[in-house]
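Colleague: my questions concern the predicted model and sequence given below.
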Amino acid sequence: MIERAAVLEQSQAIDHDRRLLILAPTKKDAVITQALLAPLGVSAEICDSLSDLIADVEAGAAAVLVAEELVASGAGSELADVIAKQPPWSDLPILVLTRSGVDSGEVDEAVRKLGNVTLLERPVRVATLMSAVQTALRARDRQYQIRGHLADRIRSEDALRAADQRKDEFLATLGHELRNPLAPMQAGLQLLQLGNLSDPRCVRAVAVMERLLKHLVRLVDDLLEVSRITRGLVEIRREPLDLGSVLRTAIETSRPLVDAAKQELTIDLPEETICVAGDQVRLTQVFANLLNNASKYTDSGGHIWISAATADGWAEVSVRDDGIGIPAARLGTVFDMFTQVDRSDRRAQGGLGIGLTLVQSLVTMHGGQVEANSDGANMGSEFIVRLPVHAAPAEQRAPDMGENDRFPPCRILIVDDNHDAADTLGMLLTELGATIDVAHNGPDALRVVDAFHPDAVLLDIGMPGMDGYEVSRHVRSSSTHRDVLLIALTGWGQHDDRERSKRAGFDHHLVKPPDINRLRSILVARAAHANGGDANRCR
């Protein structure tokens, strides 16, 4: 493996790299050789001993001119050891001045160990010596070119890696900053839905705001999701699944978008079970993205078809539409990140252009394939997903809880320096049956924990002063509150953020805006565990 620091450092050692090191039988021979090479512009340096030669080779050299007597002895193995440690790009030329008419076993051994050796029999003609030196230096120059290319590549890789890290940091910060205002907006809308809205205009306005808010949340989630997938940080939890059940869930997810566009969705799913091995959440995301994409690029009143079948051990799902289609020249790029077929088309409703990138990545992680087909512009498009059929029976899964199911009676402390987020979430959870208290900073949270004795704490992480990690550690260090359920509720949702919250003592990590069904499930499971299967109360 190439040592990155060594390549970069060596590529800068130009002065030492251009010199010819001379270790002749006598000082006089060395001086004469140096004088003969000077008119050629060769920078020759005389070494007084083998140890000096070895030190200079380690510092950098273009070639070495050395007498046979000095390398054929046992001391020559030291030079061979240095030569053996050269980086992969290097093959240092060694010119050995041998005695006339003598074939020596020691010389043969030296040639074998030193590698790139040229033998020059003494007395050597001046023209022969000059030609051999120039050939060696030209060969060394080509090696330096290779080293330069490697150094350039390493610098480019380092720059790309740094840019990628800055991108990830930017996306994480962007996700955090966007999620913070989305959280109180979502809680406020859910509160309005729980109330008695009598004015039809208000009902319609709330429905529009809810749909657009979900769209914003999905854009933020997709943006961060594709970053995690490209870095290999997404975990696929494989289990036997009924593909039909996955598709029906995806259809329910996308139905509001299709209905809002007054599009006709034709569903053709087989009655028999098609079993695949995969992650239900991720596969639902795949097919919901394809349906959303079909609706997005299809006119109001247009048609969308989704069907499933099996062929040759593969489950095939087709999502087809009669929308704007895909020009032949763009078919090869539709799965590239930030790609959209035609942003100027009135039917292209914006977005980030990463939904299909997510689809391809997730399908590939499931061992499947996805392809795009279209007869051209305005001829509709079809996306076909193929997944390996799994022989085991699909596990029957319980349906998700409804939005209006009440929470088990429990005491929840909400800690967030964002007053709007904390207060609106508190009002929503109170409406759903929980007993709520609120704190807006770390020290207040610790005081309220002692006085309120919560069953669960929804704790923001990025608070000024005492952050959520420190609050968690304080709570966990108390014997009185060691068993309280700690749930991180934060705009930071990267893999490293989840790992850090786990190390700080959190039981769960939720991103803003919180999924109320997910939160309810966590509390119900905790209540059932704490009460021997009775989920009616947290304690």
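Modeller: Looks like it arrived, so ask away.

Colleague: how does this protein divide into domains?
Modeller: The chain breaks down into these domains under automatic domain parsing: 4-156, 239-388, 411-530.

Colleague: how long is the second one end to end?
Modeller: Okay, so that is domain 239-388. Taking C-alpha to C-alpha, to the nearest Å, domain 239-388 runs 13 Å from one end to the other.

Colleague: before we move on, the earlier item: including mean neighbour count, could the domains of the chain go into a markdown table?
Modeller: (C-beta placed from N, C-alpha, C; glycine too.) Shown next, in a markdown table, are these (neighbours: other C-beta atoms under 10 Å):
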| stretch | mean neighbour count |
| --- | --- |
| domain 4-156 | 16 |
| domain 239-388 | 18 |
| domain 411-530 | 19 |
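
Colleague: isn't Ala439 up against His419?
Modeller: No. Using C-beta atoms under 8 Å, Ala439 makes no contact with His419, being 10.8 Å away.

Colleague: nearest to Asp221, out of the domains of the chain?
Modeller: domain 411-530 (8.1 Å; C-beta to C-beta).

Colleague: how far off centre is that closest one?
Modeller: Its chain's C-alpha centre and that of domain 411-530 lie 28 Å apart, by C-alpha atoms, centre = their mean, to the nearest Å.

Colleague: pLDDT averaged over that domain - what is it?
Modeller: Computed over domain 411-530, the mean pLDDT rounds to 90.

Colleague: now swap in stretch 383-400 and tell me
Modeller: 69.

Colleague: now do stretch 368-379
Modeller: Rounded mean pLDDT across stretch 368-379 is 91.

Colleague: alpha carbons of that stretch, as CSV, please.
Modeller: Taking C-alpha atoms only, stretch 368-379 is exported to CSV below (Å, rounded to 0.1, in the frame of the first residue of the first chain):
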residue,chain,number,x,y,z
GLY,A,368,-32.4,-6.7,-6.9
GLN,A,369,-32.4,-4.6,-10.0
VAL,A,370,-34.4,-1.6,-11.3
GLU,A,371,-34.7,-0.4,-14.9
ALA,A,372,-36.4,2.5,-16.6
ASN,A,373,-38.2,2.3,-19.9
SER,A,374,-39.9,4.9,-22.1
ASP,A,375,-40.8,5.3,-25.7
GLY,A,376,-39.8,8.9,-25.6
ALA,A,377,-41.1,12.3,-24.7
ASN,A,378,-44.9,12.4,-23.9
MET,A,379,-45.1,8.7,-24.2
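
Colleague: need the contact partners of that stretch.
Modeller: By C-beta atoms under 8 Å, 6 or more residues apart in numbering, the residues outside stretch 368-379 that reach it are 324-328, 331, 334-335, 356, 359-360, 363-364, 380-388.

Colleague: now do the helix or strand containing Leu119: which elements does it pack against?
Modeller: Following DSSP states H and E, one finds Leu119 within strand 117-121. If contacts are counted by 3 or more C-beta pairs under 8 Å, 6 or more residues apart in numbering; DSSP states H and E, strand 117-121 sits against strand 94-98, helix 105-114, helix 126-194.

Colleague: report the distance from the first one to the chain centre.
Modeller: In other words, strand 94-98. With C-alpha atoms, centre = their mean, you get 53 Å for strand 94-98.

Colleague: for Leu194, find the nearest of the domains of the chain.
Modeller: Of all these, domain 411-530 comes closest under C-beta to C-beta, at 5.1 Å.

Colleague: tell me the secondary structure at the nearest residue to Arg255 once chain neighbours are set aside.
Modeller: The spatially closest residue to Arg255, leaving aside those adjacent along the chain, is Leu265, at 7.5 Å (C-beta to C-beta, 6 or more residues apart in numbering). For Leu265, the assignment made with DSSP: H, G, I helix; E, B strand; the rest coil gives strand.

Colleague: how close does Leu265 get to Glu210?
Modeller: 21 Å (C-beta to C-beta, to the nearest Å).

Colleague: again with Asp164
Modeller: 36 Å.

Colleague: which of these two has more neighbours?
Modeller: Glu210 (17 against 13; other C-beta atoms under 10 Å).

Colleague: can you pull the contacts of the more buried one?
Modeller: Glu210 touches 189, 193, counting by C-beta under 8 Å, 6+ apart.

Colleague: where's it, which helix or strand?
Modeller: Going by DSSP H and E, Glu210 is part of helix 200-230.

Colleague: quick one: average pLDDT of that helix?
Modeller: On average, helix 200-230 scores 69.

Colleague: oh, and call the first residue 59 from now on, that's how I've got it
Modeller: Okay, using 59 as the starting number, the last item reads as helix 258-288.

Colleague: would you say Ala102 is within a strand?
Modeller: Yes. Under three-state DSSP, Ala102 falls within a strand.

Colleague: residues contacting it?
Modeller: 77-80, 91-92, 95-96, 123.

Colleague: check Thr488 too.
Modeller: Ile494.

Colleague: right, and the secondary structure at it would be what?
Modeller: Classified using three-state DSSP, Thr488 is helix.

Colleague: any stretches of the stretch 259-408 of the chain with poor pLDDT?
Modeller: Filtered on pLDDT under 70, the stretch 259-408 of the chain yields the residue ranges 266, 269-270, 273, 276-277, 280-293, 395-408.

Colleague: tell me which stretches of it form strands.
Modeller: Applying DSSP state E, counting those that start in this stretch to the stretch 259-408 of the chain gives strands spanning 297-300, 322-326, 333-336, 361-369, 372-379.

Colleague: which helices and strands sit right next to the third one?
Modeller: For strand 333-336, the packing partners by 3+ C-beta pairs under 8 Å, 6+ apart come out as strand 297-300, helix 301-318, strand 439-446.

Colleague: for the stretch 59-208 of the chain, which spans come out with low pLDDT?
Modeller: 59-73, 130-134, 159-165, 168.

Colleague: picking up where we left off before, the residue nearest to Arg313 contacts Leu305, correct?
Modeller: No. Leu323 is beyond contact range of Leu305, at 11.7 Å (criterion: C-beta under 8 Å).

Colleague: picking up where we left off before, quick one: which of the domains of the chain is nearest Asp226?
Modeller: When the domains of the chain are compared by C-beta to C-beta, domain 469-588 sits nearest Asp226, at 7.4 Å.

Colleague: which one of the strands of the stretch 259-408 of the chain lies nearest to Leu504?
Modeller: strand 297-300 (40.6 Å).

Colleague: pull up the pairing partners for the closest one, direction included.
Modeller: strand 333-336 (antiparallel) (DSSP bridges).

Colleague: about what we covered before: nearest to Asn351, of the helices and strands packed on strand 333-336?
Modeller: Across the helices and strands packed on strand 333-336, closest to Asn351 is strand 439-446 (C-beta to C-beta), at 7.6 Å.

Colleague: contact partners for Leu581?
Modeller: Per C-beta under 8 Å, 6+ apart, neighbours of Leu581: 465-466, 468, 470, 492, 513-514, 543, 596.

Colleague: from those residues, which land in strands?
Modeller: If you go by DSSP state E, those have 470, 514, 543 in strands.

Colleague: ok, and the closest non-adjacent residue to the second one?
Modeller: The shortest distance from Ala514 to any residue other than its chain neighbours is 4.0 Å, reached at Leu543 (C-beta to C-beta, 6+ apart).

Colleague: out of the helices and strands packed on strand 333-336, flag the one nearest Leu187.
Modeller: Going by C-beta to C-beta, the one of those nearest Leu187 is strand 439-446, 69.4 Å.
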